[in-house]
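Trainee: Turn this into a model:
(5 chains)
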Amino acid sequence: MILARIEGNVVATRKHPSLGGWRLLICQPIGPTGEPEGSPQVAIDAQGAGLHQRVIISSDGAAARVAVGDPKSPARWMVIGLVDELNPGAST
Amino acid sequence: MILARIEGNVVATRKHPSLGGWRLLICQPIGPTGEPEGSPQVAIDAQGAGLHQRVIISSDGAAARVAVGDPKSPARWMVIGLVDELNPGAST
Amino acid sequence: MILARIEGNVVATRKHPSLGGWRLLICQPIGPTGEPEGSPQVAIDAQGAGLHQRVIISSDGAAARVAVGDPKSPARWMVIGLVDELNPGAST
Amino acid sequence: MILARIEGNVVATRKHPSLGGWRLLICQPIGPTGEPEGSPQVAIDAQGAGLHQRVIISSDGAAARVAVGDPKSPARWMVIGLVDELNPGAST
Amino acid sequence: MILARIEGNVVATRKHPSLGGWRLLICQPIGPTGEPEGSPQVAIDAQGAGLHQRVIISSDGAAARVAVGDPKSPARWMVIGLVDELNPGAST
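Mentor: Okay, the predicted model is just below:
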């Protein structure tokens, strides 16, 4: 799982049928203080993330196939949590 | 899943039998504004992507094995969507 | 498995149900002498890691799903050990 | 799947039994025009790749275990195709 | 699979039970001529690798779970071969 910020969306009319009806979000991985870290990923979202929302995304084929309800889906990255607070240095 | 642009193709006469009949496309990962991000990947394509087409590609062994119809296939990366619009900063 | 240091935590009220009750820790990968190596990951923790603790984390979907007790969980990174000593150059 | 060039071999007398009899090749990932891209990988080869041959390699544990005929094998990277032509910019 | 050099060990008293009794080695990935390539990994070892030994390591959850004898183990990286010779440019 990594931290990311929603940077926009992708429109793809022609796509794998299992992705029909899912928003495809451009997710920029970030560090604990919000700075960009590495390359953007495209994720499906069942949590209702908004633009510039900080999120946790995960890449797990098995879980994504369950989420979209299609055991043949190639979906992998998924928004799995909306970040309320990022606490670098916080007592955990 | 990542964004990529089709940069050309690969011809490989001698290859794993499960790849027979599949186009093998050179996919350059890109960011939201189209700039290159990281190293190219080779993907199979069932969506009909053309040269310089922006696409979404995914790396999922289970889904790729279903796509090529061979449970023993080593295929992984697959074109799973053709991008109509990339909307950095768009309300999602 | 990689070495990492706990750098803080993440609060996410809205998240995948399988993550309920789990601490979500920001883990900065480190090298043998403690220097940062690559991008931070978010991991669940069943070992009781404290702030700045050096840990071993692993990314294994199958094991994480067992740990959280939900075969549909998208959890992947997990703290799997607390480091007592890092011995670069030690006779192994 | 990525493009790579065969750069040499590795001799390992003591190894996981499932690797017995397999050539272990050093594969340097390359871009569409042959330039190095990222770190070398060690792959098994069932396609008969020669030195400096350009190949397609794939990292798929399930397929590699089938290839070596051992469901417990830790093999992952495998040469899955010999490249005849790399066509950057070719109509696909 | 990648080439690596053993750089030391990790002592972790508190860890996932499946890792009990296994040496945890710090493995620095290397290129064909021995130069460092990327970030260190922590691997379990059933081959008897010594300090500064060049090895082949693999990241395969399924195989690692078999190796440690625990289908719930989060172990992934494993030393799978001891390198006798690295032959960059050798006829393969």
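Trainee: where does the most centrally placed residue in chain A fall, phi/psi-wise?
Mentor: Geometric centre of chain A, nearest residue: A:V79, 3.4 Å, by CA atoms, centre = their mean. Phi and psi for A:V79, reported as degrees, to the nearest 10, are phi -70, psi 120.
Trainee: In this structure it contacts A:G50, no?
Mentor: No: the pair A:V79 / A:G50 is not scored as a contact, 10.9 Å apart, by CB atoms under 8 Å. All C-beta atoms are positioned from the backbone trio N, CA, C, and that covers glycine.
Trainee: Would you check how far apart the residue of chain A found nearest chain B and B:L25 are?
Mentor: Per CB to the nearest CB, A:K15 is where chain A lies closest to chain B, at 3.3 Å. To B:L25, A:K15 is 16 Å away according to CB to CB, to the nearest Å.
Trainee: Likewise for A:S18?
Mentor: Computed as CB to CB, the A:S18 to B:L25 distance reads 21 Å.
Trainee: neighbour count winner among those two?
Mentor: Each of A:S18 and B:L25 has its neighbours counted (other CB atoms under 10 Å in any protein chain shown); B:L25 has more, 28 against 21.
Trainee: ok, the more buried one - contacts?
Mentor: For B:L25, the contact set (CB atoms under 8 Å, 6 or more residues apart in numbering or on different chains) comprises B:6, B:8-10, B:42-45, B:49, B:79, D:92.
Trainee: Next one, pLDDT for it please.
Mentor: We note a pLDDT of 97 for B:L25 in this prediction.
Trainee: for the one 4 residues further on, same thing?
Mentor: For B:P29, the model assigns a pLDDT of 97.
Trainee: which residues does A:R5 bridge with?
Mentor: Note on A:R5: beta-bridge partners A:Q28, A:R54, judged by DSSP bridges.
Trainee: isn't A:S91 right up against C:L51?
Mentor: Yes: the criterion here is CB under 8 Å, and A:S91 meets it with C:L51 at 5.4 Å.
Trainee: of these two, who's got more company?
Mentor: Using other CB under 10 Å as the criterion, A:S91 and C:L51 rank with C:L51 on top: 16 against 9.
Trainee: nearest spatial neighbour of the residue in chain A positioned nearest to chain C, skipping sequence neighbours?
Mentor: Closest to chain C within chain A is A:G81: 3.3 Å, counting by CB to the nearest CB. Leaving aside its sequence neighbours, A:G81 sits nearest to C:K15 (CB to CB, 6 or more residues apart in numbering or on different chains; 3.3 Å).
Trainee: Chain A: strands as residue ranges?
Mentor: For chain A, the strands defined by DSSP state E cover A:2-11, A:24-29, A:41-45, A:54-59, A:77-82, A:85-88.
Trainee: Pick out the shakiest of these, pLDDT-wise.
Mentor: Looking at those, the bottom one is strand A:85-88 with a mean of 92.
Trainee: Are it and chain C in contact anywhere?
Mentor: Yes: under the criterion of CB under 8 Å from any CB of the partner chain, chain C is reached by strand A:85-88 at A:85-88.
Trainee: ok, of those residues, which come out buried?
Mentor: A:86, A:88 (16 or more other CB atoms under 10 Å in any protein chain shown).
Trainee: A:S18: what's it in contact with?
Mentor: For A:S18, the residues meeting the contact criterion (CB under 8 Å, 6+ apart) are A:65, A:68-70, A:72-75.
Trainee: typed the wrong thing, it's A:V55
Mentor: If you count contacts by CB under 8 Å, 6+ apart, A:V55 has them with A:3-6, A:27, A:47, A:49, A:79-83.
Trainee: One more: A:G81?
Mentor: Going by CB under 8 Å, 6+ apart, A:G81 touches A:47, A:55-56, C:10, C:12, C:14-16, C:19, C:24.
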